[in-house]
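> When you get a sec, could you give me coordinates for this:
(chains A and B)
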Amino acid sequence: AQTVTQSQPEMSVQEAETVTLSCTYDTSESDYYLFWYKQPPSRQMILVIRQEAYKQQNATENRFSVNFQKAAKSFSLKISDSQLGDAAMYFCAYRSPGASGSRLTFGEGTQLTVNP
Amino acid sequence: DAGVIQSPRHEVTEMGQEVTLRCKPISGHNSLFWYRQTMMRGLELLIYFNNNVPIDDSGMPEDRFSAKMPNASFSTLKIQPSEPRDSAVYFCASSLGGGVTEAFFGQGTRLTVV
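This is a model prediction of the structure:
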């Protein structure tokens, strides 16, 4: 079974600075999908960014980008120009391939605090 | 679309009572997931359905938990009898297929069993 590990329970960053959240995973599959979700205090789960394992290019969404290292099984999230609204719990998630729906396996989460 | 709709938002019940959580997925989505979130165990997948058929229920903690999806627009998660350790936030999510497609989550139901 696949596992996802987020080794940083808490992180903090100054407003306008850059922060990187770590995620590693364990899998024997060669094709898969990776996601970062954000959960603000409202508890709504919001997709931040996603990456297909077969793509070498790192995904980018505005201020959010990933550093995908397939050989190292690492999928870190970089948040540039941090804003107060970025404060939330961030979850890394793994999904196996398949035409039909398949499970998302989540990491433990990293609580991000943004200091003004 | 209004997104994934869960009801109720909050539920407080006494130990031993039956609890039913409800979920309406996004129209057209063919996969539906039930997750449980606690401080101790994080986000755990309880069960997921594909085209209304349960595919994997290995995460259902015990026989007190059951889930149904009678049609493409409705699913329930039932706990009977409820116990204090069932207190958690229960999320329903839906997606169109698998792969890199986004799973959309509902607002969750916060269940408190006293």
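> In contact with B:Lys68: list those residues for me.
Contacts for B:Lys68 (C-beta atoms under 8 Å, 6 or more residues apart in numbering or on different chains) come out as B:75-76, B:78. C-beta here means a position set from N, CA and C on the backbone, and glycine is covered the same way.
> Show me which of these is closest to chain A.
Distance from chain A was checked for each of those by C-beta to the nearest C-beta. The minimum falls on B:Ser75, at 13.1 Å.
> Give the buried subset of the contacts of B:Lys68 as a PyMOL selection command.
Per 16 or more other C-beta atoms under 10 Å in any protein chain shown, the buried members of the contacts of B:Lys68 correspond to this PyMOL selection:
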select buried, chain B and resi 75
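> Need the contacts of B:Lys68 in a markdown table (columns: pLDDT and distance to A:Asn115).
As requested, these are exported to a markdown table (pLDDT from 0 to 100; distance: C-beta to C-beta, whole Å):
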| residue | pLDDT | distance to A:Asn115 |
| --- | --- | --- |
| B:Ser75 | 98 | 41 |
| B:Thr76 | 98 | 43 |
| B:Lys78 | 98 | 44 |
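> any chance you could map the helices in the chain?
You didn't say which chain, so I picked chain A. Assigned helices in chain A: none (criterion: DSSP state H).
> how about the residues of it near chain B?
A:33, A:35, A:42-45, A:47, A:50-52, A:91, A:95-109 (C-beta under 8 Å from any C-beta of the partner chain).
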